[in-house]
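Engineer: Dropping the sequence and predicted coords here.
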Amino acid sequence: MSADKENRKDRFVWEPGDVEIKIPEGGEVLWDFDENGMPEDEDLKEDYPTPNSKPTSNEAHFHHSTLRERIVEHLFIGDALRRLWQRGVTDVEVLRSEFDAGGHDLVMSRRKVTRHIQFKSVMTDGKATRTSISLKLTEKPSGCVIWIVVTPELDRQSYLWLGGLPGEPLPDISDFPMAKHTKGNAEGTKTARPNHRVVPRSKFEKLDSIDAVLERLFGNLPRTCP
């Protein structure tokens, strides 16, 4: 691998033996660093893969986790609206957040219940035992988190739920540990995120169907289409 890298706006310049990080104007550090201040192997492989190498399924999930989150979110919306239609419910509004400034990805509203939802996804064999949640979500009248368990093919297997009854706020998470940024700063340090808390998976309730999720969101619903 060549030591020289193009000085692009979304990357920094790094040369072997020189661990000083030079961030181009308007850029950001997108790599993690080891204890010696060098880029992690996973990040090098992501940006500079071996020629002609074909990513495995797990590598695709790792390298494209943001895309996976978006796909799973859209699939959930389609599943939810289709199932609501089948049950004769057609008065649900769906609003999507352009960016996660308020701690949520989606707003679903029916009658007097408005749910601000933060989505997460994890693979069926994923090792994730905790997840980061924004404290801003607790400020919403009925904030909740839906952690969707998917197969490598992105088929939904089950759901993990954290939230109160319709009309009630998210349970208090302020006493959980403070989260850290997943990427390091210029010095390679993963700084704290004061407005985020790390909540263990054990605090979530497992739900096996989209019907169970909808009833957590909105309470009692018609069982079948009239």
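Structural biologist: Okay, I see it.
Engineer: Flag the shaky bits of the protein, pLDDT-wise.
Structural biologist: Flagging of the chain using pLDDT under 70 yields the residue ranges 1-65, 99-101, 184-186, 188, 225-226.
Engineer: Tell me where this structure has helices.
Structural biologist: 41-47, 57-63, 65-86, 210-218 (DSSP state H).
Engineer: so what does the longest one touch, helix or strand wise?
Structural biologist: Spelled out, it's helix 65-86. Helix 65-86 sits against strand 92-96, strand 106-110, strand 113-123, strand 144-150, strand 156-163, helix 210-218, with contacts defined as 3 or more C-beta pairs under 8 Å, 6 or more residues apart in numbering; DSSP states H and E. Backbone N, C-alpha and C define where each C-beta goes, glycine included.
Engineer: Domains of this structure: list them as residue ranges, please.
Structural biologist: Domains of the chain are assigned by automatic domain parsing as 13-54, 65-218.
Engineer: Include mean neighbour count and distance to Thr224 when you put these into CSV, please.
Structural biologist: Formatted as CSV, the domains of the chain follow (neighbours: other C-beta atoms under 10 Å; distance: least, C-beta to C-beta, whole Å):
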stretch, mean neighbour count, distance to Thr224
domain 13-54, 12, 46
domain 65-218, 16, 6
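Engineer: do you know how far the nearest residue to Thr138 once chain neighbours are set aside is from Arg83?
Structural biologist: Nearest non-adjacent residue to Thr138, counting by C-beta to C-beta, 6 or more residues apart in numbering: Leu170, 4.9 Å away. Computed with C-beta to C-beta, to the nearest Å, the distance linking Leu170 and Arg83 is 24 Å.
Engineer: swap in Asn195?
Structural biologist: In terms of C-beta to C-beta, Asn195 sits 33 Å off from Arg83.
Engineer: and if you look at Asp211?
Structural biologist: Distance, Asp211 to Arg83, by C-beta to C-beta: 7 Å.
Engineer: repeat for His196
Structural biologist: As for His196, its distance to Arg83 is 31 Å (criterion: C-beta to C-beta).
Engineer: swap in Asn220?
Structural biologist: The gap separating Asn220 from Arg83 is 15 Å, by C-beta to C-beta.
Engineer: Repeat that for Leu137.
Structural biologist: Applying C-beta to C-beta, the value for Leu137 to Arg83 is 24 Å.
Engineer: mind exporting stretch 69-79 as PDB, just the C-alpha atoms?
Structural biologist: Provided in PDB are the C-alpha atoms of stretch 69-79 (Å, rounded to 0.1, in the frame of the first residue of the first chain):
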ATOM      1  CA  GLU A  69     -30.000   1.500   9.300                       C
ATOM      2  CA  ARG A  70     -31.800   3.500   6.600                       C
ATOM      3  CA  ILE A  71     -33.000   0.400   4.800                       C
ATOM      4  CA  VAL A  72     -34.300  -1.200   8.000                       C
ATOM      5  CA  GLU A  73     -36.100   2.000   8.900                       C
ATOM      6  CA  HIS A  74     -37.900   2.200   5.500                       C
ATOM      7  CA  LEU A  75     -38.800  -1.500   5.800                       C
ATOM      8  CA  PHE A  76     -40.300  -0.900   9.200                       C
ATOM      9  CA  ILE A  77     -42.400   2.000   7.900                       C
ATOM     10  CA  GLY A  78     -43.800  -0.100   5.100                       C
ATOM     11  CA  ASP A  79     -44.500  -3.100   7.400                       C
END
